[in-house]
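Enquirer: Generate a structure from the sequence data that follows.
(chains A, B, C and D)
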Protein chains: 2
Amino acid sequence: MTVRGDAELVARAGHLFTGARHEFVCAARDLDTWSLPDARQSVARRLPRHGASGLAVKKLFTPVALADEAARAHLREVVTNGVEVRISSTPLPHETIVIDRRVMILAERDGPGSREYTVTTSPTLVNGVYSLFAAAWDAATELTAYLRGDAPHLDDDSRAVLRALGAGYTDETAARHLGLSLRTYRRRVAELMDALEADSRFQAGLRAGELGLTG
Amino acid sequence: MTVRGDAELVARAGHLFTGARHEFVCAARDLDTWSLPDARQSVARRLPRHGASGLAVKKLFTPVALADEAARAHLREVVTNGVEVRISSTPLPHETIVIDRRVMILAERDGPGSREYTVTTSPTLVNGVYSLFAAAWDAATELTAYLRGDAPHLDDDSRAVLRALGAGYTDETAARHLGLSLRTYRRRVAELMDALEADSRFQAGLRAGELGLTG
DNA sequence: AACGTGATGGCAGCAAGCTGCCACGTGCGG
DNA sequence: CCGCACGTGGCAGCTTGCTGCCATCACGTT
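Expert: Below you'll find the model as predicted:
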């Protein structure tokens, strides 16, 4: 089933949103999903309140969705409402929604005015898309972790320390290798762990990997 | 369009495989795709030879596909034929194929005998699935890297240890939390680091992240 | 029952990591 | 010149991580 434009989607498929019982997942590039504010609200109003029901809501975005502060604030608020939000560092469809693992709605790359939506209930299609979504979801990072975890630009010093750690040197050899005293090297490591909000060196390694500070 | 069974798929959609011009991507849980050897060969014969054409072939599997040695050998051979193979640590659809970003074929979870395939050309659906595939692909690790660096299948115990480490617990609390003695917990950590060929816990964290052992 | 094997856990001792404290040098503004 | 802030490094003491050694226990085998 194909519909054009937000209004028609709400009219024809609105009941699907309302009918969500267990799970509502969506993947999108950014937050521009509902170009028409009233359409957005219309759907939002129909969605059951977060925690109350046993409805799990998962939203997956690209970093594009964090472009402006308003968007970040909105996402943070959504999170406090019990919605899980994750950020994927790889491109995503313009819009993919799967409801209760039974229905899915895909949006075409938007033309200037109206957007084209495809609504499908074929189990084969829905399951396939759902599994792919799950894979992308699992690989993505929690919004809070993402917002917190970026040590946006750490100086060359820290990078050197990171490399030393990654090379598996002991602190002593690493310090010698970097021309630092043991004390200072460890200070640097502590600072780094602080920046990464890691409680242990293992965690620091994990975070460093996640944030792509290895290459 | 829906077809049942391998034979029918080959008959009705075989030309799609032959028609692949630029790109052939697939995601699957394991290698049991083509239950019928002749169907498999039939399709294989129709696929253009690897490097010759400008055809890029990408295959994404779960670790299940590496269960037995025969499967691993087959995948290694496929790689030498110029096919890109990656392993995703998260569940995947039973079968998803996208050809030239224009056609896609999804396979339903297989019944006992015949399997149900869905063939779709709707740009909206194909693009959506393709983007999700790309996200999962980007997050997966190269087969060679996976085979080299891996603790191929670590038991639940090790995974628990990994989670404890990732959570940033100290050894003592982690051990208590897992119902192990401090000594044994540390033994486990040592074994894990050995398996990951890591010289330090930091390195272990890094590797664990690289290998996608976090989720 | 006797035996080997393997996983476990306590202990001890060492190595490594962590941090507070203080002292020194450099640079900057008063 | 003095004082101040800041980064550095030595020292000391503590915590944590690491491992060899040995006793124990659970098991399957002979």
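
Enquirer: for stretch A:108-127, how far is the first residue from the last?
Expert: End-to-end distance of stretch A:108-127 (Cα to Cα, to the nearest Å): 20 Å.

Enquirer: Chain A: helices as residue ranges?
Expert: In chain A, the segments counted as helices under DSSP state H are A:6-18, A:37-46, A:69-80, A:123-139, A:143-149, A:156-167, A:171-178, A:182-195, A:201-210.

Enquirer: quick one: is the last one near DNA strand C?
Expert: Yes. Helix A:201-210 reaches DNA strand C (Cβ under 7 Å from any atom of the strand) through A:Arg201. Every residue, glycine included, has its C-beta placed from N, CA and C.

Enquirer: Quick one: the helices of chain A as TSV, columns for mean neighbour count too.
Expert: Below are those laid out as TSV (neighbours: other Cβ atoms under 10 Å in any protein chain shown):
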stretch	mean neighbour count
helix A:6-18	17
helix A:37-46	14
helix A:69-80	13
helix A:123-139	24
helix A:143-149	17
helix A:156-167	18
helix A:171-178	16
helix A:182-195	16
helix A:201-210	24
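
Enquirer: just so I know, which of these lies nearest DNA strand D?
Expert: Closest approach to DNA strand D among the helices of chain A (Cβ to the nearest atom of the strand): helix A:182-195, 3.2 Å.

Enquirer: Start and end of stretch A:59-76, how far apart?
Expert: Termini of stretch A:59-76 sit 12 Å apart (Cα to Cα).

Enquirer: so for that stretch, what's the average pLDDT?
Expert: For stretch A:59-76, the mean per-residue pLDDT is 79.

Enquirer: rewinding a little: would you mind giving the helices of chain A as a markdown table with distance to B:Asp100 added?
Expert: Shown next, in a markdown table, are these (distance: least, Cβ to Cβ, whole Å):
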| stretch | distance to B:Asp100 |
| --- | --- |
| helix A:6-18 | 29 |
| helix A:37-46 | 34 |
| helix A:69-80 | 34 |
| helix A:123-139 | 18 |
| helix A:143-149 | 33 |
| helix A:156-167 | 40 |
| helix A:171-178 | 50 |
| helix A:182-195 | 45 |
| helix A:201-210 | 33 |
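
Enquirer: Those: lowest mean pLDDT?
Expert: Among the helices of chain A, helix A:37-46 has the lowest mean pLDDT, at a mean of 51.

Enquirer: The helices of chain A: which one's closest to A:Cys26?
Expert: For A:Cys26, the closest of the helices of chain A is helix A:123-139, at 8.8 Å, according to Cβ to Cβ.

Enquirer: right, quick check: the closest one against chain B, any contact?
Expert: Yes. Helix A:123-139 lies within reach of chain B by Cβ under 8 Å from any Cβ of the partner chain, at A:123-125, A:127-139.

Enquirer: how far is that helix from where the chain is centred?
Expert: Relative to its chain's centre, helix A:123-139 lies at 15 Å (Cα atoms, centre = their mean, to the nearest Å).

Enquirer: Look up how far A:Thr173 lies from the one residue sitting closest to the centre of chain A.
Expert: Centroid-nearest residue in chain A, with Cα atoms, centre = their mean: A:Ile87, separated by 1.7 Å. According to Cβ to Cβ, to the nearest Å, A:Ile87 and A:Thr173 sit 37 Å apart.

Enquirer: I figured the residue nearest to the centre of chain A was touching A:Phe61, is that so?
Expert: Yes. Between A:Ile87 and A:Phe61 there is a contact under Cβ atoms under 8 Å: 5.8 Å.

Enquirer: contacting residues for A:Cys26?
Expert: Taking Cβ atoms under 8 Å, 6 or more residues apart in numbering or on different chains, we find A:Cys26 in contact with A:Lys58, A:Lys59, A:Leu60, A:Glu95, A:Thr96, A:Ile97, A:Val98.
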